[in-house]
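K.L.:
I would like to see how this sequence folds:
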Amino acid sequence: MKILDIWPPPNTVQQVSKYFIDLGETGQWGYFTSQAVFFYLLLLLAIFSCTLPKLQSGDKNLLRRIFVSELVFIVMLIIFVLSFRIPLIIYGAQNADESLWIASAKTLAQDLRPWVSVDTGTGGPLIPISLILLRIFNLPIDHGTLKLMSGVVMALNVGLLYLGFTKLIGSGLARLVILLLATGVAMMRNNDMIAFNSEHIVILLLCISFFFLSRLYRSGAGRYNNRIIFLGFVLGLVPYAKLQAAPMALFMGLVACLVVYKTLSIKSLGLLIISALAPTILVLLTVYLNGGLSEFWLSYIKNNLFYATAVENNNFMSRWNMLNEIIFRPEELHFFFYSCFVIILGGVVVILIVIRKISRENKVMIVLSLLFLIVSMYCITAPVRAFGHYMLLILIPLTMAVAFILHSIWGSIEINWNESRLSIFLMRFFASILFICITSLYFFQKEFTLHPKYLVKAREYYDGFCLHGDIVTILNRYYEPKDKMAIWGWGTELFEGTKYLMGTRDCASSFQIEEGPMQAHYLSRYLKDLQVNKPKIFVETISPSFFGFGDRSKSGFENFPLISNYIKTNYNFEGEIGTARFFLRKDASFPEKKWKRDISIPQDVIREFHSNLELFEKNGTFLKFKGWTAIGMNTDYQKVALALTSKSDTLFVDSYQMSNKEIVDFSPNNTGYLMCGFIGYIPLKEIPMGDYEVGLFVENEGKKAFKSLNQTYSSLPNSN
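P.N.:
From the prediction side, this is the model:
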């Protein structure tokens with residue numbers, strides 16, 4: 001007999017939680033120890049690269065080749081970062097925007113029309129489109145894989161930045177600098193740092209651009225001008241990841257234009273500009289053909305400009321205070337930022353003292369990196385909103401400034417060092433050790449632990465992870481393939497636990513609820529989407545248990561006549577569960593609901609078996625029950641129903657199967673039974689008036705069992 005459904009729905013958070021708990025103490029110790037081993041190996045490779053002479057062609061010394069191999073270092077660098085970031089999948093949802101990306105990605109995978117089927121607000125369409133890539137690897141799009149995505153993107157950022165540095169400042173110094181950044185990325189624990197945000201794709205595009213720019217500067221345009229074409233095209237994509245970061249892309253583009261103009265021909269400069277404009281041309285053409293050009297302008301361009309200016313106290317001091325608040329919010333990164341700022345400030349002082357010994361090229365690199373840092377600070381503070389994930393925009397420019405300042409100082413010292421090769425070797429050796437000890441090594445020792453906090457969450461999510469499970473369970477009852485659901489409020493996390501597509505192009509309705517110059521436009525567009533898409537279910541998520549809007553009297557859809565009239569005309573109120581109200585479309589067809597089972601209790605049922613009813617209470621307009629039971633050995637096919645028995649009949653309510661649970665209380669030999677969890681709901685309106693005795697009916701392996709729970713329930717009006 002097949003189970004009705006699985007609860008909670010299987011997802012990456014639960015699978016990774018189970019993996020780390022099942023490792024046991026010995027396995028966990030081995031995993032966390034391997035993280036430290038990778039760090040110390042990277043440390044050694046960095047020191048040897050700084051001190052050993054450059055590899056000569058024909059050198060067959062295998063050990064030397066390994067120590068200076070860029071491939072070996074970058075592979076270990078990426079493994080090191082991922083070994084710390086992958087376990088963070090356990091944390092699950094960390095930012096309200098993540099659910100928006102999940103819902104948008106699922107919808108765009110079925111209907112790839114940005115600003116028509118999906119509008120991602122202040123974030124660009126590249127964010128959800130990048131998540132669709134998870135499907136290529138047969139991975140779900142959920143809160144767990146979003147953490148995986150953020151970890152992979154950050155690892156790639158570190159690797160690409162390192163490869164760019166090797167061309168501009170040399171491999172040895174590049175390793176010293178990148179190890180500090182890699183340690184910071186690995187130690188991130190703040191929710192906004194580990195959540196997947198639009199800034200991740202922005203800095204990935206900027207790091208790819210830096211990679212091509214460094215090779216363009218040192219090695220020319222490449223075959224068929226491929227470096228120019230790729231550099232321009234990638235920079236042109238940045239505004240469609242996040243318009244807020246466009247000034248950073250523009251600045252790097254201007255630097256690229258300067259490089260091309262000075263080293264190549266005017267035709268190459270034209271090719272770079274055309275390549276940078278190509279993404280915009282493609283976007284405008286696609287949006288025009290899909291009929292979304294006006295929404296692109298109004299929602300993405302005009303509304304983003306309004307979003308960045310519609311804040312009080314928009315002055316320099318407020319921006320400066322906000323910048324400090326954003327940068328120093330993640331406590332685990334305090335040392336990283338203090339180290340970088342000390343190096344930059346101290347380095348600038350040293351450079352001013354020895355400025356005549358600094359080459360013109362190095363002076364230009366320092367000035368450009370500091371200007372890029374200032375541009376990133378502007379981008380962070382442009383919206384004048386203290387969202388922590390904006391801080392990610394400063395990581396790359398800050399690391400660049402540190403790298404180019406150290407490179408200039410190091411170069412000026414070596415040029416004027418007239419000692420023997422041995423003394424230069426010793427100087428490099430001790431200088432690299434000193435730098436690592438006061439930066440990366442101290443940072444790692446300060447933050448690393450063999451008992452990370454996410455193990456506590458892993459135990460919590462071992463049996464499943466789902467946000468607003470009660471609501472998701474009910475919504476899944478009505479689902480049929482390609483059905484759509486509209487959300488009023490910011491309950492976007494309901495899209496993760498269900499398979500519904502977005503019923504309106506706005507996943508969350510913040511712009512419809514909040515007062516602003518474009519509120520009327522967004523309300524009108526929301527109504528139009530309801531009329532065109534005809535979502536089967538309309539869910540209002542205005543309550544303190546959801547993000548953003550907690551007061552139904554102020555933000556409920558009834559306060560907006562345009563929406564309220566349409567809902568009352570075309571939808572029927574179905575029920576309220578948890579803190580959400582949901583409505584079913586009047587002209588839609590629904591699968592047969594399995595709230596009741598028309599069967600009777602056989603006379604030869606088993607009357608004694610292990611069971612436990614943990615929860616039996618009203619939940620909104622539903623009656624919820626939850627517990628554990630076991631009959632037979634194969635719990636995967638066990639089916640449980642709640643039996644409400646009156647003098648006239650018996651009402652059976654099917655349940656969902658939960659995760660299995662091992663207990664030892666009932667076992668004489670202390671080996672324990674594998675208990676099957678169950679959870680179920682029934683609309684209160686479907687329970688006939690009367691008094692009922694509560695029991696459990698269980699079917700498994702051809703056996704049937706019934707057990708009274710010595711509990712009563714009354715649906716009479718005056719019952720408690």
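K.L.:
which stretches of the chain form strands?
P.N.:
With DSSP state E as the criterion, the chain has strands at 484-489, 501-502, 537-541, 571-577, 580-585, 610-619, 622-630, 639-645, 650-654, 656-663, 673-683, 691-700, 703-714.
K.L.:
weakest of the ones you listed by average pLDDT?
P.N.:
The weakest mean pLDDT among the strands of the chain belongs to strand 656-663, with a mean of 56.
K.L.:
Which residues are in contact with Ile537?
P.N.:
Leu475, Tyr478, Asp483, Met485, Ala486, Tyr500, Gly503, Phe582, Phe583, Leu584, Arg585 (CB atoms under 8 Å, 6 or more residues apart in numbering). Placement of C-beta: from N, CA and C, glycine included.
K.L.:
if you set the cut-off to 6 Å instead, what comes out?
P.N.:
By CB atoms under 6 Å, 6 or more residues apart in numbering, Ile537 lies in contact with Met485, Phe582.
K.L.:
pLDDT wise, what is the closest residue in space to Ile433 that isn't next to it in sequence at?
P.N.:
Computed as CB to CB, 6 or more residues apart in numbering, the closest residue to Ile433 that is not its neighbour in sequence is Ile47, at 6.2 Å. Note on Ile47: pLDDT of 87.
K.L.:
between the strands of the chain, which gets nearest to Arg227?
P.N.:
Closest approach to Arg227 among these is made by strand 501-502 (39.1 Å; CB to CB).
K.L.:
Partner strands of that closest one and their direction?
P.N.:
In the sheet, strand 501-502 lines up against strand 484-489 (parallel) (DSSP bridges).
K.L.:
ok, Arg552 - how many residues close by?
P.N.:
18 (other CB atoms under 10 Å).
K.L.:
That should have said Gly550, apologies.
P.N.:
14.
K.L.:
That one reaches Pro544, doesn't it?
P.N.:
Yes. With contact defined as CB atoms under 6 Å, Gly550 counts as touching Pro544 (4.1 Å).
K.L.:
so what's the backbone phi/psi at the closest residue to Gly575 other than its chain neighbours?
P.N.:
In this structure, Gly575 finds its nearest non-sequential neighbour in Thr621, 3.9 Å apart by CB to CB, 6+ apart. The phi and psi values for Thr621, taken as degrees, to the nearest 10, are phi -100, psi 20.
K.L.:
separation between Thr621 and Lys685?
P.N.:
7 Å (CB to CB, to the nearest Å).
K.L.:
Could you do Lys482 as well?
P.N.:
Taken as CB to CB, the span from Lys482 to Lys685 is 29 Å.
K.L.:
Number of residues surrounding Asp691?
P.N.:
Asp691: 14 surrounding residues under other CB under 10 Å.
K.L.:
actually Thr51, not the one I typed
P.N.:
Residues near Thr51, counting by other CB under 10 Å: 19.
K.L.:
what's the answer for Asn304, then?
P.N.:
The local packing of Asn304 (other CB under 10 Å) involves 21 other residues.
K.L.:
Distance of the closest residue to it other than its chain neighbours relative to Lys685?
P.N.:
The shortest distance from Asn304 to any non-neighbouring residue, by CB to CB, 6+ apart, is to Leu243 (4.8 Å). Distance, Leu243 to Lys685, by CB to CB: 48 Å.
K.L.:
cool, Glu447 as well?
P.N.:
According to CB to CB, Glu447 stands 55 Å off from Lys685.
K.L.:
Gln638 now?
P.N.:
For Gln638, the distance to Lys685 equals 29 Å [CB to CB].
K.L.:
more crowded one of those two?
P.N.:
The neighbour comparison of Gln638 against Lys685 (other CB under 10 Å) goes to Gln638, with 25 against 10.
K.L.:
Check the more buried one and give its pLDDT.
P.N.:
Looking at Gln638, the pLDDT reads 72.
K.L.:
Quickly note the distance from it to Phe616.
P.N.:
19 Å.
K.L.:
and the residue nearest to Ser339 when sequence neighbours are not counted, how many neighbours?
P.N.:
Excluding its sequence neighbours, the residue lying closest to Ser339 (CB to CB, 6+ apart) is Thr439, at 5.3 Å. By the criterion of other CB under 10 Å, Thr439 has 22 neighbours.
K.L.:
Please apply the same query to the one 4 residues further on.
P.N.:
Number of residues near Phe443 (other CB under 10 Å) recorded here: 23.
K.L.:
What is the burial count for the residue lying closest to Gln512 once chain neighbours are set aside?
P.N.:
The shortest distance from Gln512 to any non-neighbouring residue, by CB to CB, 6+ apart, is to Tyr522 (4.7 Å). Residues within reach of Tyr522, counting by other CB under 10 Å, total 21.
K.L.:
Could you report the separation of Tyr522 from Asn533?
P.N.:
For Tyr522, the distance to Asn533 (CB to CB) stands at 16 Å.
K.L.:
cool, and Asp551?
P.N.:
Relative to Asn533, Asp551 is positioned 28 Å away (criterion: CB to CB).
K.L.:
Looking at these two, which one has more neighbours?
P.N.:
Neighbours were counted for Asp551 and for Asn533 using other CB under 10 Å; Asn533 has more, 18 against 10.
K.L.:
Is the more buried one in contact with Ala486, as I believe?
P.N.:
No. Using CB under 6 Å, Asn533 is not in contact with Ala486; the gap is 7.8 Å.
K.L.:
what sits in contact with each of the two?
P.N.:
Listed as contacting both Asn533 and Ala486 by CB under 6 Å, 6+ apart are Gly503.
K.L.:
Now for this protein, the helix or strand with the poorest mean pLDDT.
P.N.:
The weakest-scoring helix or strand in the chain, judged by mean pLDDT, DSSP states H and E, is strand 656-663 (a mean of 56).
K.L.:
Before I go, just wanted to say thanks for your time.
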